[in-house]
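1. no sequence on this one, just coordinates:
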């Protein structure tokens, strides 16, 4: 599955960004989707995930209450709305798809998010 992320950029602390992940597949509804990030000098971590129907979501503790994941299955797109951004949210953000079991088989190229203090 080809995944293309967009929406990253430079924002001041307290600001907002909305990331998009467009999937080029005819079976998008077969997949759970996750957003991950890799901060400088850190390992990649899960940020948020959403089930194929959108009925189930998960958030890392570090982003709960600030980030929101959603999907539009008609447009094959998953969104990550990021509010109240902090400098520690600075990272490359990736989306990935899974057919279950938390195993993600396809990854996007990533989009850089930089939050200035």
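-> Noted; the coordinates are in hand. This structure is a prediction, so every number in the text was calculated from the model and none was measured. Residues are numbered from 1 along each chain as shown.

2. May I have the strands that pair with the helix or strand of the chain at the bottom of the mean pLDDT ranking, each with its orientation?
-> The helix or strand of the chain with the poorest confidence is strand 104-107; it has a mean of 94 (mean pLDDT, DSSP states H and E). Sheet pairing here is set by DSSP bridges, and for strand 104-107 it gives strand 91-98 (antiparallel).

3. model confidence over the partner strand, on average?
-> Mean pLDDT, strand 91-98: 97.

4. Stretch 12-31 too?
-> Stretch 12-31 comes out with an average pLDDT of 96.

5. Pull the residues that contact that stretch.
-> Contact with stretch 12-31 is made by 1-9, 11, 33, 35, 52-53, 73, 75-87, 93, 95, 97-99, 108, 111, 113, 115-117, as judged by CB atoms under 8 Å, 6 or more residues apart in numbering. Any C-beta I mention is one placed from the backbone N, CA and C, and that applies to glycine too.

6. Equivalent analysis for stretch 65-85, please.
-> By CB under 8 Å, 6+ apart, stretch 65-85 touches 11, 13-25, 28-29, 33, 35, 47-50, 54, 57, 59, 63, 89, 93, 95, 113, 115.
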